[in-house]
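S.K.: sequence plus predicted model, see below.
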Amino acid sequence: MTVYLDHAATTPMLPAALAVMTEQLAVVGNPSSPHRTGRAARQVVEESRERIARCLGARPSEVIFTSGGTESDNLAVKGTFVARRDRDPARVRLLVGATEHHAVLDSVEFLVAHEGAKVTWLDCNPDGVVEPATVRAAIEADPGSVALVSVMWANNEVGAIQDVRAIAEVAHEYDVPVHTDAVQAAGHVPVDFAASGVDLMSVTAHKLGGPIGVGALVARRDAALVPLTHGGGQERQVRSGTLDTPAIAGFASAVVDATAHLDEEAARLVALRDDLIERAMAIAPDIRPSGVWRRGDVSSRLPGNVHLLVPGCDGDSLLYLLDAAGISCSTGSACQAGVPQPSHVLLAMGVGEADARGALRVTLGHTSTQADVDAFVEALPAAVERARRAREATAS
C-alpha cells in the first residue's frame, strides 16, 4: 500500500472531472471544424472556457488554453518580453522572483542568452515572500527599461503566498505588466484574476484535480503577446494547435469542483497539515518547517503544504527511505527531481546549503486522510535515523 503525499506534483483526478473527460473521449469532433460535429466540440470548449473564467474571476475571452503551466509560463514571459521589446527597444529588463518555478527561471535564462534580455532577481524575505517595496526599488533603478514583472502567486516548494495585488499596483504605476504563476494557488486558495490586478496568470489542471496536459494562460485582452507556436491561429492567434476538447472539459469540471469546495477543503487540509508539522517537530528538536507557519493559517501558506528542514540528512536519502516504507513525497519540485543540488528556493530564503540539502516536501490533497498523516509520522523517525547515519558515514 502506498501513501500518496505529493499532491503538489500532481493530484488524482476528481471523480466528476474524470467522468466528464471520459464521456468526451468517446465523442469525435475538432472544435476548429465548421461542420456539425466540429461545432458540437466547439460548444464544449467555449462552455468550459466560460466556467473556468467565472471560477477564476476572468472574462472568457481572457482564457487561452495551453498544454499546462510550463507552456503558459513560457508564453507569458517570452511572449511579453518580445512584444514589449519590439515596441520599445529600451524594454529589455525582466524583474523576476528568485524563488520562481524553473518554467519561469529557464524562460528568463533563454531570453538572456538569445534575445538580449537583462534580469533583476527579486530577493525574498526569510518566509519566501517578495515585498512590494523590493519590486518598487527594482523598477525605480531604471523604470523605462522594464518589460515585465513575474512573481508567483504561491510557491511550489514551501507554499509561501505572495501579495500579488500589491505587487501589481506598484508595477502599474510605471506602466509595467505583471505575470503570476498561479499553478499551485488555483483551486486551493481564493484566486480572482480581475481583483488581483495582474495582466497574465498561469494555471494548470492537474494540480487541482483535472487531467495532465491541459492548462491556461489567463491574459488581459490588451496584453501584448508574441506567439511561440504558429499554425492554425487558435486561441486569439496567440497559441496555435488543435484544442483537446475532452481534457478541456475535464479541466473545467475540476476548476468548478475545487473552487466550490475551496473553503471547507482548505480547513480540512490545514488541520491535517498542522497535525503533521507538530508531530514531525516532536520527533527531533531540530526538525522545523521552512517559511512562515502559524497554526490554522490559510493566508500566508498553502493549506496542504508541509515543507520540513531535517538537519543532518540528505533529502534524497529521506525520500528513498520513506518510499521504501510506502510513503510517496518529495524533496521539492517534481520538475527538478534527481538533480543533486540544494533548492534555489531555500537558498534564496537564506537557508544554509547544508540544511537546504535536508529538505522534505510533503503535500496534501483531496484524497489525503488522517491515516496518511499517521503513516508518515510513524515512518519518519526510522528514516531520519538511517539518513543521519548515512550522512555521518559519508562524512567520515
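M.R.: Structure received.

S.K.: ranges for the helices of the stretch 1-150 of the chain?
M.R.: If DSSP state H, counting those that start in this stretch is used as the criterion, the helices of the stretch 1-150 of the chain fall at 15-25, 36-55, 69-87, 102-114, 132-140.

S.K.: which one of these is the most hemmed in?
M.R.: Across the helices of the stretch 1-150 of the chain, averaging neighbours per residue (mean count of other CB atoms under 10 Å) puts helix 69-87 on top, at a mean of 23. To be clear about C-beta, it is placed using only N, CA and C from the backbone, and glycine gets the same treatment.

S.K.: quick one, that helix and helix 102-114 angle?
M.R.: 30 degrees (axes from the mean of the first three to the mean of the last three CA atoms, to 10 degrees).

S.K.: so A383 sits against A325, correct?
M.R.: Yes - counting by CB atoms under 8 Å, A383 does reach A325; the two are 6.7 Å apart.

S.K.: compare neighbour counts for the two and give me the winner.
M.R.: With neighbours defined as other CB atoms under 10 Å, A383 and A325 compare such that A383 has more, 23 against 16.

S.K.: which SSE is that one in?
M.R.: helix 370-395 (DSSP states H and E).

S.K.: for that helix, the averaged confidence score.
M.R.: The predicted model assigns helix 370-395 a mean pLDDT of 92.

S.K.: so which bits of that helix are buried?
M.R.: For helix 370-395, the neighbour count (16 or more other CB atoms under 10 Å) marks 372-373, 375-377, 379-380, 383-384, 386-388, 391 as buried.

S.K.: ok, so of those residues, who is nearest T242?
M.R.: Nearest to T242 among the buried residues of helix 370-395, counting by CB to CB, is D372 at 38.9 Å.

S.K.: beta partners of the nearest residue to the closest one once chain neighbours are set aside?
M.R.: The shortest distance from D372 to any non-neighbouring residue, by CB to CB, 6 or more residues apart in numbering, is to V3 (4.9 Å). For V3, the beta-bridge partners are I327 (DSSP bridges).

S.K.: distance of V3 relative to R87?
M.R.: V3 is 52 Å from R87, where distance means CB to CB, to the nearest Å.

S.K.: quick one, what contacts R39?
M.R.: S33 (CB atoms under 8 Å, 6 or more residues apart in numbering).

S.K.: can you pull the pLDDT of it?
M.R.: With respect to pLDDT, R39 scores 97.

S.K.: swap in M1?
M.R.: Taking M1 on its own, its pLDDT is 80.

S.K.: what about it, neighbour count?
M.R.: Using other CB under 10 Å, M1 has 4 neighbouring residues.

S.K.: what's near enough to touch it?
M.R.: When the contact criterion is CB under 8 Å, 6+ apart, the partners of M1 are G326.

S.K.: any weak-confidence spans in the stretch 201-350 of the chain?
M.R.: 332-340 (pLDDT under 70).

S.K.: R239 and L75 touch, don't they?
M.R.: Yes - applying CB under 8 Å, one finds R239 in contact with L75, separated by 6.6 Å.

S.K.: which residues do these two both contact?
M.R.: Counting by CB under 8 Å, 6+ apart, the residues touching both R239 and L75 are 64, 66, 217, 227-228.

S.K.: distance to E46 added to the buried residues of helix 370-395, as TSV?
M.R.: As requested, the buried residues of helix 370-395 are exported to TSV (distance: CB to CB, whole Å):
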residue	distance to E46
D372	39
V373	41
A375	44
F376	43
V377	47
A379	47
L380	48
A383	49
V384	52
R386	55
A387	52
R388	56
R391	55
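
S.K.: how about the contacts made by the spatially closest residue to L18 that is not a sequence neighbour?
M.R.: Spatially, and ignoring its direct neighbours in sequence, L18 is nearest to G250 (7.0 Å; CB to CB, 6+ apart). The contact partners of G250, taken as CB under 8 Å, 6+ apart, are 13, 17-18, 20-21, 24, 205, 210-211, 214.

S.K.: could you do G187 as well?
M.R.: G187 neighbours (CB under 8 Å, 6+ apart): 207-209, 254-255, 258-259, 262.

S.K.: most neighbours of all those residues, which one?
M.R.: When neighbours are taken as other CB under 10 Å, the top entry among the contacts of G187 is A254 (30 neighbours).

S.K.: where do the strands of the stretch 101-250 of the chain begin and end?
M.R.: Ranges of strands in the stretch 101-250 of the chain, per DSSP state E, counting those that start in this stretch, are 118-122, 146-150, 178-181, 200-204, 215-219.
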